[in-house]
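Asker: fold the following, please.
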Amino acid sequence: MIKEARFIKTILVTLTVVCNLLAIVLLFFNKTLAVVLFIGYAIGLVILLGLLVKERKEEKKEEDDNDYRNY
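Answerer: Have a look, this model is predicted:
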């Protein structure tokens, strides 16, 4: 599960960077395609942030389950 999540996050980061760079370059040549790529960038970024928040909540729950400060 951890390897799959890391793989998905790596793909999403790569996708968002490529979409952003291509959109900036395409602003000079094809504005409609640039807007589509910016939308793809935004969608990828939202999904990536959602995955990071979900992962952090799972880590926090795991830390709370293993918290032995109050004997």
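
Asker: which residue lies nearest the spatial centre of this structure?
Answerer: Residue closest to the average C-alpha location in the chain (Cα atoms, centre = their mean): Leu48, at 1.7 Å.

Asker: name the element it belongs to?
Answerer: With elements taken from DSSP states H and E, the one containing Leu48 is helix 31-65.

Asker: what ranges of the chain fall below the confidence cut-off?
Answerer: 1-2, 67-71 (pLDDT under 70).

Asker: let's go with 50 and repeat that
Answerer: Residue ranges of the chain with pLDDT under 50: none are present.

Asker: please save the CA atoms from stretch 9-29 in PDB.
Answerer: The C-alpha coordinates for stretch 9-29 follow below in PDB (Å, rounded to 0.1, in the frame of the first residue of the first chain):
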ATOM      1  CA  LYS A   9       2.100  10.700  -5.600                       C
ATOM      2  CA  THR A  10       5.100  10.600  -7.800                       C
ATOM      3  CA  ILE A  11       3.000  10.400 -11.000                       C
ATOM      4  CA  LEU A  12       0.800  13.200  -9.800                       C
ATOM      5  CA  VAL A  13       3.700  15.500  -9.000                       C
ATOM      6  CA  THR A  14       5.200  14.700 -12.400                       C
ATOM      7  CA  LEU A  15       1.900  15.300 -14.100                       C
ATOM      8  CA  THR A  16       1.300  18.700 -12.400                       C
ATOM      9  CA  VAL A  17       4.800  19.900 -13.100                       C
ATOM     10  CA  VAL A  18       4.600  18.900 -16.800                       C
ATOM     11  CA  CYS A  19       1.100  20.400 -17.200                       C
ATOM     12  CA  ASN A  20       2.200  23.700 -15.600                       C
ATOM     13  CA  LEU A  21       5.400  24.000 -17.700                       C
ATOM     14  CA  LEU A  22       3.600  23.100 -20.900                       C
ATOM     15  CA  ALA A  23       0.800  25.500 -20.100                       C
ATOM     16  CA  ILE A  24       3.200  28.400 -19.600                       C
ATOM     17  CA  VAL A  25       4.900  27.600 -22.900                       C
ATOM     18  CA  LEU A  26       1.600  27.200 -24.800                       C
ATOM     19  CA  LEU A  27       0.300  30.500 -23.600                       C
ATOM     20  CA  PHE A  28       2.400  32.000 -26.400                       C
ATOM     21  CA  PHE A  29       1.100  29.600 -29.100                       C
END
